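Q: Here is a sequence with its predicted model. Questions after.
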There are 2 protein chains.
Amino acid sequence: MARPNKRTTLREVAEATGLSTAAVSYALRGKHVSKETEERVRRAAAELGYEADPIARALASGRTSMVGVLAGDLQDLWQQQLMAAIGRELLAGDRYALILDAGGDPDRELVLAKQLRDQRVDALLVSPVDPSAQGWADIADALPVVAVGDSLSRARTAGQVIFDNRAGIDAVLEYLHGLGHRRVTVLTPTRPSTPDRPADVYVGEAAGRLGLRAELVPCPQELGEATAVARRVLQGAHAPTAVFCFSDSLAYGVYAAAAEDSLEVGRDVSVVGFDDHPVSRVLTPPLTTVDWGLSEIAAEAARLTVAAIEGRRVRRKRVLCAPRMRERGSAVRA
Amino acid sequence: MARPNKRTTLREVAEATGLSTAAVSYALRGKHVSKETEERVRRAAAELGYEADPIARALASGRTSMVGVLAGDLQDLWQQQLMAAIGRELLAGDRYALILDAGGDPDRELVLAKQLRDQRVDALLVSPVDPSAQGWADIADALPVVAVGDSLSRARTAGQVIFDNRAGIDAVLEYLHGLGHRRVTVLTPTRPSTPDRPADVYVGEAAGRLGLRAELVPCPQELGEATAVARRVLQGAHAPTAVFCFSDSLAYGVYAAAAEDSLEVGRDVSVVGFDDHPVSRVLTPPLTTVDWGLSEIAAEAARLTVAAIEGRRVRRKRVLCAPRMRERGSAVRA
DNA sequence: CTGACGCGGTTAAGCGATTCACTGATGCGG
DNA sequence: CCGCATCAGTGAATCGCTTAACCGCGTCAG
């Protein structure tokens, strides 16, 4: 029995077995020792309730079995889903996911990333953050960074899971066009303010090609603010016949706005989302949206991360996620 | 300039200033040194870009400025909200929140808690988990544990933020009773399976007092499964006139079920939730639910945690959160 | 027969901080 | 002018683990 409130240390196991601490250390990691002593050590360790101290281990070896996961904004419903899925996926692979939330503050992202790096996490998994900022390079060459999000950043990452935004945007706009819509408002999130914002370009291109008028309106994700913005859009002089939201939560704002103005989504105005959040199916009418395959994304991200950790130099592997339209009731013929 | 990919160490700062590492260590933490050398050290540290290595610090001092936050199940919408709020609150107080997700597996909770303890987090904040299990005692006397949830656990915690479930349940059932409902089904979550489940008792008592028939039905939180259970409830021979859900996501299942059966929530059946998730307001009809004041809960939890860390022995302080009914359109006269 | 090698282990040097115990100066009352 | 706190700073011992280097010994190819 170990003394209360005092963990058993490697040395104690060593003394118990009459071996050196080094031998015990090796033994417990199945290296370089005879089957016999390994067994002896294991038994003693179990008996004493020994578990290696991760902090000491991290200091000495520079490794942990943890993956740092950095969320740009955990308030965001989509990121919540993503984090949950990633955490689960990693846990299934016997690695702990340390989740840190930058709370929507881009400046904080880098600080937290450093914190994670200093914690000696084996890899860093970043969700919608902007790793092009100065300083990320330091992090990227200290440990593998895997990015999952919609912007292919220029930063040197070990892997990226990116959403094929062009395909998604094309699909939605073509869909709306097919339904006869010619005046579409596109609600884009303001939060992770990517500087170049390729998505905006895609919208422009698709709109031009299809011959429809697409107005881009930046909009905060927070429901109240989104609702306010949406109302302004719906009440505007040139109110669109359809609103395409770059995230489901923005779409919720449109629903709320419509309700306040006694408009009926799916009759007076069409709405399309972009995440397929579970709740979207429950709305009235159910939200037509784009499913990116959350669980595959998470699995892919986890896979990439693990691969990067295990040294298989994934040459900046990029996985492109294909969009799948989920046609439900919120978008109708114009 | 520091050599690339190699952080500056305490010793380097010491050498640069011609002081001992001890002096530098003290200086940087504003202890025991003259104003003059402190300034000198600070300048040198800044110049060399020195930042203390948290891992080494943790090993030597046993402290970090991090709070471990353990989520029972990050898939749960309510917990997602809670984690985001707590993370934000802690960050505002200049402490990092390390979030770990047990993924709904009660066995994992303890493992992760140990992991967090071994990371030397200054305190542990646990959301809906069951800290009565064997083994939690070890953790509780290694560091302060603050619990936030609805069951007042018997475990020795440094503080608890608990929801006044009795009050909430009374309020809802009285409300439904007032609307003329006499047959109510109560959907309770199966996931964090608290053994004694005081909530069930409260329901029984309130029902008895009010003279209404309340049937408890355990139900998974996951939307698909919840929908299935809800359908069974709604189609049953003795279908209730109202469904009281112990979480908003369960209520979403009822909405989905109703839609599938062409029932209209707020006309054919009344529904009441229990979280006030932001999305609930967007449903049609908007969900009548109970607001527990998420941000206050988070703030209170953070406050308690910080207090516990700073040694002010909060004698198992308990903060009770009062429920506030949000009457919206989903519950109507029977 | 000999030198190289593998095996099972040990020694000891870190990893990068914190902190206790101690040393010289200094300041000060007596 | 002396003894005694006080204060700034130093040395060295941790904290608990990893890992490179080394060592004696039996084996085996050459």
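A: That came in fine, so what should we check first? Numbering: from 1, shown residues only, chains lettered A, B, ... in the order given.

Q: going forward, measure contacts and count neighbours with C-alpha atoms only.
A: OK.

Q: Do I have it right that residue A:328 meets residue A:290?
A: No - in this structure, residue A:328 is not within contact of residue A:290 by CA atoms under 8 Å, at 10.4 Å.

Q: Those two: who's more crowded?
A: Shown here are residue A:328 and residue A:290; by other CA atoms under 10 Å in any protein chain shown, residue A:290 has more neighbours (25 against 16).

Q: Secondary structure element holding that one?
A: Per DSSP states H and E: residue A:290 is located in strand A:289-291.

Q: near DNA strand D at all, the next helix or strand after that strand?
A: Once strand A:289-291 ends, the next helix or strand along the chain (criterion: DSSP H and E) is helix A:294-309. No - Helix A:294-309 lies apart from DNA strand D when judged by CA under 7 Å from any atom of the strand; the minimum separation is 14.1 Å.

Q: just the strands in chain A please.
A: A:66-71, A:96-101, A:123-126, A:145-149, A:159-163, A:183-189, A:213-219, A:242-245, A:270-272, A:289-291, A:317-321, A:324-326 (DSSP state E).

Q: Lowest average pLDDT across the ones you listed?
A: Ranked by mean pLDDT, these bottom out at strand A:317-321, which scores a mean of 77.

Q: That one pairs with which strands?
A: strand A:159-163 (parallel) (DSSP bridges).

Q: Go ahead and name everything in contact with the strand it pairs with.
A: Residues outside strand A:159-163 that contact it (CA atoms under 8 Å, 6 or more residues apart in numbering or on different chains) are A:145-152, A:292, A:297, A:300-301, A:304-305, A:308, A:314-323.

Q: Now the buried members of these.
A: Burial by neighbour count, judged by 16 or more other CA atoms under 10 Å in any protein chain shown, picks out A:145-152, A:292, A:297, A:300-301, A:304-305, A:308, A:314, A:318-319, A:321-323 from the contacts of strand A:159-163.

Q: Need the contact partners of the strand holding residue A:290.
A: A:168, A:172, A:248, A:272-276, A:323-328.

Q: Most neighbours among those residues, please name it.
A: That'd be residue A:272 among the contacts of strand A:289-291, by other CA under 10 Å, with 32 neighbours.

Q: Is that one bridged to anything, and to what?
A: residue A:244, residue A:288.

Q: tell me the contacts of it?
A: Contacts of residue A:272 by CA under 8 Å, 6+ apart are A:172, A:242, A:243, A:244, A:245, A:251, A:287, A:288, A:289, A:330, A:331.

Q: now do 6 Å
A: By CA atoms under 6 Å, 6 or more residues apart in numbering or on different chains, the contact set of residue A:272 is A:244, A:245, A:288, A:289.

Q: helices and strands of chain A: which one has the lowest mean pLDDT?
A: In chain A, the helix or strand scored least confidently by mean pLDDT, DSSP states H and E is strand A:317-321, which has a mean of 77.

Q: And the residue of the stretch 151-300 of chain A that's closest to DNA strand D?
A: residue A:158 (21.8 Å; CA to the nearest atom of the strand).

Q: State whether that residue and residue A:145 are indeed in contact, as I suppose.
A: Yes - between residue A:158 and residue A:145 there is a contact under CA atoms under 6 Å: 5.3 Å.

Q: between these two, what contacts are shared?
A: Common neighbours of residue A:158 and residue A:145 (CA under 6 Å, 6+ apart) do not exist.

Q: Okay, now the unreliable bits of chain A?
A: Per-residue confidence for chain A (pLDDT under 70) gives these ranges: A:1-5, A:128-133, A:151-155, A:191-197, A:312-316.

Q: Check it for me, the residue farthest from its geometric middle.
A: For chain A, the residue at maximal distance from the C-alpha centroid (CA atoms, centre = their mean) is residue A:18, at 48.5 Å.

Q: For chain A, which residues are neighbours of DNA strand C?
A: Counting by CA under 7 Å from any atom of the strand, chain A sits next to DNA strand C at A:18-23, A:32-34, A:36-38, A:56, A:59-60.

Q: again, only using 6 Å
A: By CA under 6 Å from any atom of the strand, the residues of chain A that approach DNA strand C are A:19, A:20, A:22, A:23, A:32, A:33, A:34, A:37, A:59, A:60.

Q: Up against DNA strand D, what does the stretch 51-200 of chain A have?
A: Residues of the stretch 51-200 of chain A lying near DNA strand D by CA under 6 Å from any atom of the strand: A:51, A:52, A:53, A:56, A:57, A:59, A:60, A:61.

Q: Now the phi/psi pair for the third one, please.
A: By that I understand residue A:53. phi -80, psi 120 (degrees, to the nearest 10).

Q: nearest spatial neighbour of it, skipping sequence neighbours?
A: Spatial nearest neighbour of residue A:53, excluding adjacent residues (CA to CA, 6 or more residues apart in numbering or on different chains): residue B:118 at 6.5 Å.

Q: how far away is the one you found from residue B:142?
A: 10 Å (CA to CA, to the nearest Å).

Q: How about residue A:263?
A: To residue B:142, residue A:263 is 57 Å away according to CA to CA.

Q: Equivalent analysis for residue A:161, please.
A: Look at residue A:161 and residue B:142: by CA to CA, they are 40 Å apart.

Q: quick one: which of those two has more around it?
A: Taking other CA under 10 Å, residue A:161 and residue B:142 do not tie; residue A:161 has more neighbours (24 against 17).

Q: For beta bridges, what are the partners of that one?
A: With DSSP bridges as the rule, residue A:161 is bridged to residue A:148, residue A:319.

Q: Quick one: neighbours of the residue of the stretch 1-150 of chain A found nearest DNA strand C, just the number.
A: Among all residues of the stretch 1-150 of chain A, residue A:60 sits closest to DNA strand C, at 3.3 Å; criterion: CA to the nearest atom of the strand. By the criterion of other CA under 10 Å, residue A:60 has 11 neighbours.

Q: ok, back up a step: just the C-alphas of the least confident helix or strand of chain A, formatted as CSV.
A: Extracted in CSV, the C-alpha atoms of strand A:317-321 (Å, rounded to 0.1, in the frame of the first residue of the first chain):
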residue,chain,number,x,y,z
LYS,A,317,-1.5,16.0,-46.7
ARG,A,318,-4.8,17.6,-47.5
VAL,A,319,-8.1,15.9,-47.2
LEU,A,320,-10.9,17.5,-49.0
CYS,A,321,-14.4,17.1,-47.6
